[in-house]
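**Q** Build the 3D model from these lines:
(chains A and B)
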Number of protein chains: 2
Amino acid sequence: MHTDPATGLVAALDIGGTKIAGALVDGEGRIRVRAQRPTPAREDGEAVMAAVEAVLADLADSPLWASAGTVGIGSAGPVDASRGTVSPVNVPGWRAYPLVERVRRATAGRPVTLVGDGVAMTAAEHWLGAARGHANALCLVVSTGVGGGLVLDGRVRPGPTGNAGHIGHVPVDLDGEPCACGGRGCVERIASGPHLARRALDNGWRPGPDGDVSAAAVAAAAHAGDPVALASFERAAQALAAGIAATAALVEIDIAVVGGGVAGAGEVLFAPLRRSLGAYATLSFVRNLTVVPAVTGTDAGLLGAAAAAMHAGPEATG
Amino acid sequence: MHTDPATGLVAALDIGGTKIAGALVDGEGRIRVRAQRPTPAREDGEAVMAAVEAVLADLADSPLWASAGTVGIGSAGPVDASRGTVSPVNVPGWRAYPLVERVRRATAGRPVTLVGDGVAMTAAEHWLGAARGHANALCLVVSTGVGGGLVLDGRVRPGPTGNAGHIGHVPVDLDGEPCACGGRGCVERIASGPHLARRALDNGWRPGPDGDVSAAAVAAAAHAGDPVALASFERAAQALAAGIAATAALVEIDIAVVGGGVAGAGEVLFAPLRRSLGAYATLSFVRNLTVVPAVTGTDAGLLGAAAAAMHAGPEATG
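**A** All right, here's what the predicted structure looks like:
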């Protein structure tokens, strides 16, 4: 770490399509100061940047700000860490937006590290969560989309552009349905919350009187024993298992950590996931792979952004 | 490198189900001395080891032997580099066989590095072939089976047990046919030479008067315009493309190098492979991925075993 765990702080930003969260995080993973603004996602790029600057200004109001020597950003993707730019799908005002340079300017020239949000969650789980102590791990976020990140040989490996571990767009059904990414049969196309819910509806599941057709409503129905809801979770689990097995065959991991809203469904997802993984991950070196829930929760993005900044060498900062 | 490129030599072993090849390789990738024995694959483990020892004895007869300070082994898999053992599918006499310890004893205690044959081919292509100069690459061997290896951040990454890059057993068809590994819809189940040929036969292709039903015969028919033969190559290419796209999404690679007998078919494989890759690898950070043929040929195993030994730190040798 480049930061003294007792006293050094990092300024962390977690940038999504709904909110921009900021924090000052200490070397033991405690959030000491928080700030937040809604993301003005439909406005132009400068309006979004103004919200980021407002979050940073709130953090700078703290007497602890002077101790924050570096800045870590976890952003909705795609990101390009090699260029310091972001192009979040849900923030159309930002396309190849030079976020690293802008944040550096807004923070009196502090070094800035940028990673994708899947990599940030992975950094958080490796630092403080379920992947702690594991040299080789895949962490997944199963939510509106499916993201992820990799720990290899004891370190988070963001990849050259900060997008590695992008398990949502691993094709597991080569003749499958077209995906929003332009590909076909991607994990996300089968396992994300909206696709999970759509599949349940297509197969005859009907929401309750509240009309809730979210994945959480399908999860509630699955817990109550609804066979169509259960089947939709099983299909999502099968796709996730194939993607995890692919990762294990390619890079040798010993644990997969699954977080995000869909993972909140618990055993209706994890039980078929473990079963399916046993069917796909059969080689000697992948057979002992375990799957566990993530533990860092809604602060994963902030904690992971902080971890990325703490672990970044000078070459990884802009 | 731990070896002086001008004078240092490495003893390399390439162990397969058909032959055991050995060589003394210099720091510039030249093979200075060769030796070879058939693999007595149906005999017991000690008989196979005796063939390895005979190859090493032939190498030791060379006056250059004294300059060979380390030994590199590329072996048919599965291997377990962390334990120094091998269990090649086609050599039933070796199961968790302590090859590293036995080779060390047979070479007066020299340090021994073990990798799987896919990793060895990758090391060769990164050192001397088509992956040279690439920081992030996947190399594949498409033959009787489908193997591979990864270069990440400028170095071959064998993974904890020496099996990383195992693209043959990446599931790309989650509802597909059962694979010999126990999984389902694996790349190898669709793209290997025997499966490619079987699919052509199943769909009505018939061999010539010589009765040759190998993938090479299907390739000849494809070059002559046979639509069933062409379709079988296209399906193999589609599975390889999905596996390469999966790898790119997971670890960010900028080149895929394809070798092995099936790759020898040339454009009847590579043209649909490039086309299919364009359909699966659509994200910004994987879109510029190129696919090229391997160049190190039949010596890839020996050269890669040598490269693995030259690049291994003390922690990677047994």
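**Q** check contacts around the residue nearest to A:Ala242 when sequence neighbours are not counted.
**A** In this structure, A:Ala242 finds its nearest non-sequential neighbour in A:Val172, 3.9 Å apart by Cβ to Cβ, 6 or more residues apart in numbering or on different chains. C-beta coordinates here come from the backbone N, C-alpha and C atoms, glycine included. By Cβ atoms under 8 Å, 6 or more residues apart in numbering or on different chains, the residues touching A:Val172 are A:185-187, A:190, A:239, A:242-243, A:246, B:171-174, B:246.
**Q** Could you list which of these belong to helices?
**A** A:Val187, A:Ile190, A:Ala239, A:Ala242, A:Gly243, A:Ala246, B:Ala246 (DSSP state H).
**Q** check contacts around the nearest residue to the third one once chain neighbours are set aside.
**A** Nearest non-adjacent residue to A:Ala239, counting by Cβ to Cβ, 6+ apart: A:Ile190, 3.7 Å away. For A:Ile190, the set of contacting residues under the criterion of Cβ under 8 Å, 6+ apart consists of A:Val172, A:Asp173, A:Gly176, A:Arg235, A:Ala236, A:Gln238, A:Ala239.
**Q** can you pick the most crowded of the residues you listed?
**A** Neighbour counts for the contacts of A:Ile190, by other Cβ atoms under 10 Å in any protein chain shown, peak at A:Val172, which reaches 31 neighbours.
**Q** The stretch 101-250 of chain A: strands as residue ranges?
**A** A:112-116, A:137-142, A:146-152, A:155-156 (DSSP state E, counting those that start in this stretch).
**Q** can you put those strands in JSON lines and add mean neighbour count and distance to chain B?
**A** What follows is these, written out as JSON lines (neighbours: other Cβ atoms under 10 Å in any protein chain shown; distance: least, Cβ to the nearest Cβ, whole Å):
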{"stretch": "strand A:112-116", "mean neighbour count": "30", "distance to chain B": "10"}
{"stretch": "strand A:137-142", "mean neighbour count": "30", "distance to chain B": "8"}
{"stretch": "strand A:146-152", "mean neighbour count": "29", "distance to chain B": "7"}
{"stretch": "strand A:155-156", "mean neighbour count": "20", "distance to chain B": "10"}
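**Q** Around chain B, which positions in the stretch 1-150 of chain A sit nearby?
**A** A:Pro78, A:Asp80, A:Ser87, A:Ala135, A:Asn136, A:Leu150 (Cβ under 8 Å from any Cβ of the partner chain).
**Q** Of those, just say which sits nearest to A:Ala215.
**A** Nearest to A:Ala215 among those, counting by Cβ to Cβ, is A:Pro78 at 23.6 Å.
**Q** any idea how chain A splits into domains?
**A** A:9-117+A:299-316, A:130-295 (automatic domain parsing).
**Q** deepest of the ones you listed, which one?
**A** domain A:130-295 (a mean of 22; mean count of other Cβ atoms under 10 Å in any protein chain shown).
**Q** For that one, what does the pLDDT average out to?
**A** For domain A:130-295, mean pLDDT is 96.
**Q** Please state the offset of it from the chain centre?
**A** For domain A:130-295, the separation from the chain centroid amounts to 12 Å (computed by Cα atoms, centre = their mean, to the nearest Å).
**Q** First residue to last residue on it, what's the distance there?
**A** The first residue of domain A:130-295 is 6 Å away from its last residue (Cα to Cα, to the nearest Å).
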